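Visitor: please work out how this folds:
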Amino acid sequence: MRRLILLRHAKALPTSPEGDRARVLAERGRADAERAGKWLRAHAIAPDMALVSDSARTRETAEIVLRELGRVPHVRVDPKLYHAEPWGLLRAIRSAPQGCRTVLLIGHNPGVAELAEALAGGGERDALRLMEAGFPTAAMAVFTFDHEWTELGEQTGRLERFVTARSLREAAAPD
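Guide: Numbers count the residues shown, from 1 in each chain. Here you go, the predicted structure:
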């Protein structure tokens, strides 16, 4: 079994003098990325490899999430993932070494959301419903596959979980 985590970067500042690629995380985004990493650790979901867009906000999201996991997998920062189309993202995932059991991809919308929708051949009903409602910043879709990475394609995945930053903030809020 293979596991794929699609993570949209956390909330970023709206602009940067150096352009869109240089936008860094907002304070809320840093906190959301930390919660995402803690959620992955609490659910024992540890990637063997992280595929990360080269934008500042995706690299910062990756750094925070992976720090919370307590171990750093192999990280591949790829400029081709910056605002990539879904099939460009899928090509990157298909290139993961066969020894990898779990891959984390951190990218941008609309590509991440469109890829998640395309991969979902079934899954947990509430997770599917939540994902179809939108894929906000710092949201994670966790898929399982019975295929090799090279065989991933439309409707080959089972959506196990869909977690949003809002749901993690609400879970962490005192009663």
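
Visitor: tell me where the protein has helices.
Guide: Secondary structure of the chain (DSSP state H): helices at 27-42, 56-69, 86-94, 111-119, 125-133, 165-172.

Visitor: send me the first one as CSV with only the CA atoms.
Guide: What follows is helix 27-42 as a C-alpha-only set of coordinates in CSV (Å, rounded to 0.1, in the frame of the first residue of the first chain):
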residue,chain,number,x,y,z
GLU,A,27,1.5,34.4,11.2
ARG,A,28,-1.7,32.3,10.9
GLY,A,29,-0.1,30.3,8.2
ARG,A,30,2.9,29.4,10.4
ALA,A,31,0.5,28.3,13.2
ASP,A,32,-1.6,26.3,10.7
ALA,A,33,1.5,24.5,9.3
GLU,A,34,2.6,23.6,12.8
ARG,A,35,-0.9,22.2,13.6
ALA,A,36,-0.7,20.2,10.3
GLY,A,37,2.6,18.7,11.3
LYS,A,38,1.4,17.8,14.7
TRP,A,39,-1.8,16.2,13.2
LEU,A,40,0.4,14.0,10.9
ARG,A,41,2.6,13.0,13.8
ALA,A,42,-0.5,12.2,16.0
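
Visitor: so which bits of that helix are buried?
Guide: Going by neighbour count (16 or more other Cβ atoms under 10 Å), the buried part of helix 27-42 is 29-37, 39-40. In short, each C-beta sits where N, CA and C put it, glycine included.

Visitor: so who does Leu69 touch?
Guide: For Leu69, the contact set (Cβ atoms under 8 Å, 6 or more residues apart in numbering) comprises 37, 40-41, 46-47.

Visitor: elements contacting the lowest-mean-pLDDT helix or strand in the chain?
Guide: Least confident element among the helices and strands of the chain, by mean pLDDT, DSSP states H and E: helix 165-172 (a mean of 90). Contact partners of helix 165-172 among helices and strands, from 3 or more Cβ pairs under 8 Å, 6 or more residues apart in numbering; DSSP states H and E: helix 27-42.

Visitor: what residues does the helix it packs on touch?
Guide: Taking Cβ under 8 Å, 6+ apart as the rule, helix 27-42 contacts 5, 7, 9-12, 25, 46, 57, 60-61, 64-70, 137-138, 140, 163, 165, 168-169, 172.
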